[in-house]
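*Asks:* got a sequence here, can you build the structure:
(3 chains)
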Amino acid sequence: MPDIIDLTLVELVDKIRKKKISSKEVTAAYVDRSQKSKKLNTYVTEDFEIALKKADNFDKNPNYEKKLPGIPIAVKDLFCTKNLRTTAGSKILGNFIPTYESTVTENLWNAGSILLGKLNCDEFAMGSSNETSFFGNVQNPVGENLVPGGSSGGSASALAAKLTPTTIGTDTGGSIRQPASFTGTVGLKPTYGSCSRYGIVAFASSLDQAGPMTRDVKDCSLLLEVMSSYDRKDSTSVDFKRGNYLKELNNSIKGKKIGIPKEYRVEGMPKEIEDLWQKGINIIKEAGAEIVNISLPNTKYALPAYYIVAPAEASSNLARYDGVKYGFRSKGENLIDMYEKTRSEGFGNEVKRRIMIGTYVLSSGYYDAYYLKAQKVRKLIKNDFDEVYKKVDAILTPSTPSSAFKIGEKTNDPVSMYLNDIFTVPINLAGLPAISIPAGIDSKGYPLGLQIIGKAFEEQNILNIAYSIEKEINFKNKINDWWM
Amino acid sequence: MAKNQSEYLIKRNNNEYEVVIGLEVHAQVLSESKLFSSAPTKFGAEPNTQVSLVDAAFPGMLPVINEFCIKQAVKTGIGLNAKINKKSIFDRKNYFYADLPQGYQISQYKNPIVGEGSIVLDLTTGEKIVGIERLHLEQDAGKSIHDMDPQNTLVDLNRSGIALMEIVSKPDLRSLEEVNAYIKKLRSIMRYLGTCDGNMQEGSLRADVNVSVRKKGQKGFGTRCEIKNVNSIKFMQMAIDYEANRQVDVIEEGGTIDQETRLFDIKKNETRSMRSKEDAHDYRYFPDPDLLPLELSDKFINDLKKNIPELPDEKKKRFIEKFKLSPYEANILVSDIETSKYFEEVIEKSDVKLSTNWITGELFALLNEKNLEISQNPISAKNLSKLINLIKDGTISGKIAKSVFEIMADEGKDPQIIVEEKGLKQQSDPKEIEKLIDKVITDNPDKVKEYKSGKDKLFGFFVGQVMKVSGGKANPQLVNEILKKKLL
Amino acid sequence: MGIDLKTVKHISKLSRISVDDEKAKKLEADLNSIFSFIEKLNELNTEKIEPLTSIAETNLQLRKDEIKSSNIREQILKNSPEENKDFFVVPKVIE
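*Replies:* The predicted structure is shown next:
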């Protein structure tokens, strides 16, 4: 029998239901491995003792009807977890302990799963390498001193290193898909409005979406079923019929039309990525789908538009971190002094940069030229997708313009860091679902991902396409536990 | 349309200045729960006991709009004869303050829920129509308490998130009287609609005042200043008066008015500039991405229109037409919904004319004297109605009724019972009165002689004597009639 | 269009984040670099385009006027940086 930690989520659920293993055994195995992997710096807060107790309780009183019976899961530290410290990767939340639970994690626990701990992330989800966290960098298990991607770097790393059987992250400009690509794992950003934002520390309200990060597409389907729900506590939550994603998963994509957007072939793109993309195209053709060349003409404006809209919303969302109600407070002579010191000391540099950009683009005299303009560009980008979706069912692109880079390699130049999100950002602007699956390695042996973008609310479709590609590629993450 | 004669002019040297006033009224919406959260809204609760996680802006909290508050705003718009905007947008107004937990207020900027409307003012010189610019919904802020702790400010978020309607008038007001009439009318309309209780002491109705001046006859407006922190009509008037004079002084001395926000100091009776104005608030408005545009259907609006109760202007018209009341009387009776309800209850069973007189006369005098609102009236409508009926059917005289009224005010009793107990029934039996008159005549032969020889004024003496002898209970009309006959 | 030191100081005041001169200089450089990247949008003519108001494909959800959250003062004040069982406590505001 394979090691517990090598089992996929779906396999684990099956074995637990068949009483072949207990929740306690699974949880203990993951706790043990996590404790031996501190070098990766994936955990901000561990909840191992309580997790083991909960696992014990589950075994004593099991409910196998649940979708995630007794499964231990560590989650990104952007989800508010009741009675367990939540930091958003920042100093400014101090020792904040929520008295409430986010809807998405509530869904996980209601499905029978158990919280292992909170995973590291870029501060307030702002970053593409998990190098902006107050709690230090996260290591990519793929290779020493490599970034895992971001902002859900801790999640992707813990997942790839098998410190948790599965996990969840959030994606605002690529923060699930890009680290999935960098770590050789699967990451899905659902349609905007699919997963509730209630209880998730907000970064950019019109872009944020929680999503599953898993070892394979089957696991992804199962986890999405649990996470996605209509929530009255979130006014942007959409009430639509959510599918039985796992049950309806199939790899038949015969007759489907898959678009290949020419604008995603960017200048200076490494040949390996081009090759990978072609590999994906071939697999799809072999499986009986039709390849259609399409154009998304406003693609190159997506990243600039994103870097107006996201910081603008963030500058407002982060105004509540003022030292008054919770978190870190710096001593001040008067209220304004307290605000200024608290926020200066409490926020990291990237967060401060983005708050400033955001404040500026909304400020008097600049609103029309920047924010309003960016919202118009966003409309254009969405229109581009609406147009091509009259002709195709999904779109195939690379996930990232490169594989994982070295820690410290891009920290001096914010713009070069932003370019990591070039393939993922347009999808957030348009509110569409997209999944990244590992599809190969580059010359350095580091994983590269392919992204499948779908129509709004058609997650099943992209899961199926991903499933068929995954089956063909049969990617195996070669991780040698170098940190243990 | 009244002659728009503003008597409120400021004279300096040889110049006459007109004062231009606009009001921004913040009216707390009457609702069970807050605008974007389900916490309660009652006034006077212990600090921070009516605060939800959303109100305190905890991480990950999101706004969900209260449908009833939307209805209240639309109803108010209908009551202001205003355009209801079928699509409106909620924007974030960003600034930092201790009682603003989110660091922004959810408000409406360019697309408010209600557009232009109008309100009719009842002035001593007649009616004047004042324009309404717009009405929008927004969150109220919490309270900062500066005087409980010498080093610190204490913050109570109970009020944070309660729905406010901000009603902006056009700069059509020209005098202190008009300001008073405007606030009173606006308040009355909202109380009729049940959309705001208009309680200025509790802070459910507050106003910011915009004041500018211009030479009489000048076209265009002068630079205006906004005065904040005036929470009663009286202070508003004092502040306006001070500020208008201040501005005139500046202009007369050759200076210009800086557009700024000022505070009214009630102790010194003056306005002063608020500090740190170089940061003139840049609110960086943008549509709140946690919400969607509000879209109202025709049905939604029409259903509300159908259920609007009779409002003061309509009611006044009806009272004048149906009951033949004078505009002055009608004004008083409709000025507050509680008064009109009281009146309408009383006249269900009583004579309208008498009811009008008694309510606008004796009752209001009583309330003024005891400093009571009509809702705290010790005399029930039922009882007043009974009293009036006793007068009408001759059981008691008007004079006696006044005494009964006083007793009712103290004891709250049924007038019939009072009349019984104190034996105050009017003597209306002609035979009995004749007897009394005969006695008086018999007892005063000299006076009778004098009267018969031409001293007509003595008639009053006889009337007085008859009243005295009857203990005030003789029916005055009958006394007059019979006495006249007897003295011929 | 460039962002100068004065603007950096102005924005930091608006966003209530203090910056010393050294940090301000670094920010000036960073922000300018980010802005020249953002300026790319000027290539587009968007005059006739309606801005996106929401990406959520749904209508604004309306809530019933019911009280669902009663006295949770303890929860509200639990994470407060300054201990006080009734109020939030902050340094005095200078009017």
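*Asks:* surely residue B:152 touches residue C:93?
*Replies:* No: between residue B:152 and residue C:93 there is no contact under C-beta atoms under 8 Å: 9.8 Å. All C-beta atoms are positioned from the backbone trio N, CA, C, and that covers glycine.
*Asks:* more crowded one of the two?
*Replies:* Each of residue B:152 and residue C:93 had its neighbours counted (other C-beta atoms under 10 Å in any protein chain shown), and the higher figure belongs to residue B:152 (20 against 15).
*Asks:* give me the low-pLDDT residue ranges for the chain?
*Replies:* Looking at chain A here, since you left the chain open. A:1 (pLDDT under 70).
*Asks:* please go with chain C instead
*Replies:* Low-confidence segments of chain C, defined by pLDDT under 70, span residues C:1, C:95.
*Asks:* compute the first-to-last residue distance for stretch A:189-200.
*Replies:* Using C-alpha to C-alpha, to the nearest Å, the end-to-end distance of stretch A:189-200 comes to 15 Å.
*Asks:* now do the buried residues in it.
*Replies:* Buried residues in stretch A:189-200, counted by 16 or more other C-beta atoms under 10 Å in any protein chain shown: A:189, A:190, A:191, A:192, A:193, A:194, A:195, A:196, A:197, A:198, A:199, A:200.
*Asks:* what is the nearest of those residues to residue A:219?
*Replies:* Within the buried residues of stretch A:189-200, proximity to residue A:219 (C-beta to C-beta) peaks at residue A:190, which comes in at 15.0 Å.
*Asks:* distance of that closest one from chain C?
*Replies:* As judged by C-beta to the nearest C-beta, to the nearest Å, residue A:190 and chain C stand 13 Å apart.
*Asks:* that residue is in contact with residue A:221, isn't it?
*Replies:* No: between residue A:190 and residue A:221 there is no contact under C-beta under 8 Å: 11.6 Å.
*Asks:* report the secondary structure state of the nearest residue to residue A:255 once chain neighbours are set aside.
*Replies:* For residue A:255, ignoring the flanking residues on the chain, the nearest one in space by C-beta to C-beta, 6 or more residues apart in numbering or on different chains is residue A:288 at 6.6 Å. What DSSP: H, G, I helix; E, B strand; the rest coil gives for residue A:288 is coil.
*Asks:* ramachandran angles for residue A:449?
*Replies:* Its backbone dihedrals place residue A:449 at phi -120, psi 160, with angles given as degrees, to the nearest 10.
*Asks:* helix or strand: which one has the residue lying closest to it once chain neighbours are set aside?
*Replies:* Using C-beta to C-beta, 6+ apart and skipping the chain neighbours, the partner closest in space to residue A:449 is residue A:181 (3.0 Å). Assigned by DSSP states H and E, residue A:181 belongs to helix A:177-183.
*Asks:* which helices and strands sit right next to that helix?
*Replies:* The elements that helix A:177-183 packs onto, with contact taken as 3 or more C-beta pairs under 8 Å, 6 or more residues apart in numbering or on different chains; DSSP states H and E, are helix A:153-160, strand A:186-189, strand A:434-441, strand A:447-454.
*Asks:* give me the neighbour count for the residue in chain B positioned nearest to chain A.
*Replies:* Sorted by distance to chain A under C-beta to the nearest C-beta, the residues of chain B start with residue B:103, at 2.4 Å. By the other C-beta under 10 Å criterion, the neighbourhood of residue B:103 contains 23 residues.
*Asks:* ok, now which ones touch it?
*Replies:* Residues in contact with residue B:103 (C-beta atoms under 8 Å, 6 or more residues apart in numbering or on different chains) are A:316, A:318, A:319, A:320, A:322, B:57, B:94, B:95, B:96.
*Asks:* again, only this time at 6 Å
*Replies:* Counting by C-beta atoms under 6 Å, 6 or more residues apart in numbering or on different chains, residue B:103 touches A:319, A:320, B:96.
*Asks:* and stretch B:180-199, average pLDDT?
*Replies:* Per-region confidence: stretch B:180-199 scores 96 on mean pLDDT.
*Asks:* residues near the nearest residue to residue B:128 once chain neighbours are set aside, how many?
*Replies:* Leaving out its chain neighbours, the residue that sits closest to residue B:128 by C-beta to C-beta, 6+ apart is residue B:121, at 4.6 Å. A count of neighbours around residue B:121, defined by other C-beta under 10 Å, yields 21.
*Asks:* again, but for residue B:407
*Replies:* Other residues within reach of residue B:407 by the criterion other C-beta under 10 Å amount to 17.
*Asks:* check which helix or strand covers it.
*Replies:* Residue B:407 belongs to helix B:398-411 when elements are defined using DSSP H and E.
*Asks:* may I have that helix as PDB, with CA atoms only?
*Replies:* Included here for helix B:398-411 are C-alpha records, laid out as PDB according to Å, rounded to 0.1, in the frame of the first residue of the first chain:
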ATOM      1  CA  GLY B 398     -68.200  77.300  27.200                       C
ATOM      2  CA  LYS B 399     -67.000  79.000  30.300                       C
ATOM      3  CA  ILE B 400     -67.600  76.000  32.500                       C
ATOM      4  CA  ALA B 401     -66.000  73.800  29.900                       C
ATOM      5  CA  LYS B 402     -62.800  75.700  30.400                       C
ATOM      6  CA  SER B 403     -62.800  74.700  34.000                       C
ATOM      7  CA  VAL B 404     -63.600  71.100  33.200                       C
ATOM      8  CA  PHE B 405     -60.800  71.100  30.700                       C
ATOM      9  CA  GLU B 406     -58.300  72.200  33.300                       C
ATOM     10  CA  ILE B 407     -59.400  69.300  35.600                       C
ATOM     11  CA  MET B 408     -59.100  66.900  32.700                       C
ATOM     12  CA  ALA B 409     -55.600  68.100  32.100                       C
ATOM     13  CA  ASP B 410     -54.600  67.300  35.700                       C
ATOM     14  CA  GLU B 411     -56.600  64.200  36.200                       C
END
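*Asks:* check which residues of that helix are buried.
*Replies:* With burial defined by 16+ other C-beta under 10 Å, the residues of helix B:398-411 counted as buried are B:400, B:401, B:404, B:405, B:407, B:408, B:409.
*Asks:* neighbouring contacts of it?
*Replies:* Applying C-beta under 6 Å, 6+ apart, the external contacts of helix B:398-411 come out as B:362, B:366, B:378, B:379, B:391, B:415, B:418, B:424.
*Asks:* show me what the helix or strand encompassing the fifth one is packed against.
*Replies:* It stands for residue B:391. In this structure, residue B:391 sits in helix B:381-392 according to DSSP H and E. Here helix B:381-392 touches helix B:337-349, helix B:415-422, going by 3 or more C-beta pairs under 6 Å, 6 or more residues apart in numbering or on different chains; DSSP states H and E.
*Asks:* only C-alpha atoms, please: export that helix in CSV.
*Replies:* What follows is helix B:381-392, C-alpha atoms only, in CSV (Å, rounded to 0.1, in the frame of the first residue of the first chain):
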residue,chain,number,x,y,z
ALA,B,381,-59.1,62.6,21.8
LYS,B,382,-62.0,60.6,23.1
ASN,B,383,-62.4,62.8,26.1
LEU,B,384,-61.9,66.1,24.3
SER,B,385,-64.6,64.9,21.9
LYS,B,386,-66.9,64.3,24.8
LEU,B,387,-66.2,67.7,26.3
ILE,B,388,-67.0,69.4,23.0
ASN,B,389,-70.2,67.5,22.7
LEU,B,390,-71.2,68.6,26.2
ILE,B,391,-70.8,72.2,25.0
LYS,B,392,-72.6,71.6,21.8
